[in-house]
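1. Here is my input; please provide its structure:
(one chain, ligands or ions: 2)
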Amino acid sequence: MKFKAIAVDIDGTITFRDRSLDLVAIDSLRSHDVPVVLSTGNILCYAHAAARLIGVGGIVIAENGGIVSPGFDTVPIVSEYMIECQQAFDLLSGKFELTKLDPEHRKTEIVLRRNFDLELARQILYDHGFNVEIIDTHFAIHIKSREVNKGTGLIKVAELMGLKPKDFVAIGDSVNDVEMLEVAGFGIAVGNRDPELRSVADYTATLPYGAGAAEGIAYLRGRSLI
Ligand SMILES: O=C(O)COP(=O)(O)O
Ligand SMILES: [Mg+2]
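-> Ligands and ions are numbered 1, 2, ... in the order given. Now for the predicted structure:
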């Protein structure tokens with residue numbers, strides 16, 4: 001069976017640690033006709049701008065699956081879990097000095113600078129009965145609903161494209177990619193991956209960042225799987 005599409009994370013997978021694009025990955029993604037879906041914890045306009053500049057389609061997953069866009073210049077599908085994230089933020093902001101990232105654009109989750117005690121914050125939310133999760137992607141800390149993730153996003157995207165999630169190859173680096181690699185037909189973890197990706201990846205690249213993404217794609221190509 002050949003895979004029919006690729007869902008690829010942005011930060012740490014097609015970028016370096018400083019978030020600049022790794023052109024090795026971009027060359028690899030552009031060098032074949034398989035549709036590419038960007039899947040990110042970033043806001044929608046960031047994902048769309050990246051898709052335009054890289055030269056891939058406007059179907060994207062943003063805000064860790066909280067938002068799925070059916071294409072450029074379309075109305076996005078936005079989940080409705082912000083209220084509990086906001087309540088969790090209100091509680092935590094009484095205990096820590098928190099800095100929100102992109103608050104004017106975020107619609108489904110609250111994203112914070114990585115400068116507070118994550119374990120303590122998790123414990124406080126747990127003690128107060130919150131059901132939100134707090135994840136650290138190494139780029140930012142996200143307060144998000146447990147109901148949406150890049151895996152639920154990929155299921156929606158597959159439906160929009162008339163495909164099955166198992167038709168996708170998914171490529172990622174971080175804990176926010178776990179569910180996406182789980183629901184995809186084939187999961188690639190780049191060399192700088194979080195340990196959580198080890199058990200869900202079908203192929204773990206030796207090389208980090210974009211070179212690792214290109215390595216995974218070359219592995220599949222070599223076996224005529226894409
Ligand atoms: O938003 C983040 O924290 C990381 O973004 P990513 O999902 O593109 O790696
Ligand atoms: Mg990432």
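
2. give me every residue that touches the residue nearest the centre of the chain.
-> Centre of the chain computed as the mean C-alpha position; nearest residue by Cα atoms, centre = their mean is T40, 3.3 Å away. Counting by Cβ atoms under 8 Å, 6 or more residues apart in numbering, T40 touches D9, I10, D11, Y46, A47, A50, V60, I61, A62, N64. Using the backbone N, CA and C atoms, a C-beta is placed for each residue, glycine as well.

3. Show me the two of the residues you listed that sit farthest apart.
-> Largest separation among these by Cβ to Cβ: A50 and N64, giving 15.3 Å.

4. Looking at the two, which one has more neighbours?
-> N64 (29 against 18; other Cβ atoms under 10 Å).

5. right, and that one touches R146 too?
-> No - using Cβ atoms under 8 Å, N64 is not in contact with R146, being 11.0 Å away.

6. Give me the three-state assignment for the nearest residue to N149 once chain neighbours are set aside.
-> Closest residue to N149 apart from its sequence neighbours, by Cβ to Cβ, 6 or more residues apart in numbering: E179 at 4.2 Å. The three-state assignment at E179 reads helix, by DSSP: H, G, I helix; E, B strand; the rest coil.

7. hang on, T206 packs against G212?
-> Yes - counting by Cβ under 8 Å, T206 touches G212, with 7.3 Å between them.

8. anything in contact with each of these two?
-> Shared contacts of T206 and G212 (Cβ under 8 Å, 6+ apart): G191.

9. between these two, who's got more neighbours?
-> G212 (28 against 9).

10. Packing partners of the host helix or strand of the more buried one?
-> Using DSSP states H and E, G212 falls within helix 209-222. The helices and strands touching helix 209-222, judged by 3 or more Cβ pairs under 8 Å, 6 or more residues apart in numbering; DSSP states H and E, are helix 23-30, strand 168-172, strand 186-189, strand 203-204.

11. so which of the ones you listed gets nearest ligand 1?
-> strand 168-172 (7.3 Å; Cβ to the nearest ligand atom).

12. avg pLDDT for the closest one?
-> Strand 168-172 comes out with an average pLDDT of 98.

13. about what we covered before: compute the number of surrounding residues for the residue nearest to N149.
-> As a burial measure, E179 scores 22 neighbours (other Cβ under 10 Å).

14. swap in the one 3 residues further on?
-> Under the neighbour criterion other Cβ under 10 Å, E182 is assigned a count of 17.

15. Would you mind confirming that it is in contact with K150?
-> No - E182 lies out of contact with K150 (Cβ under 8 Å); the separation is 9.7 Å.

16. coming back round to it: so which of the helices and strands packed on helix 209-222 gets nearest ligand 2?
-> Of all the helices and strands packed on helix 209-222, strand 168-172 sits nearest to ligand 2, with 5.9 Å by Cβ to the ion.
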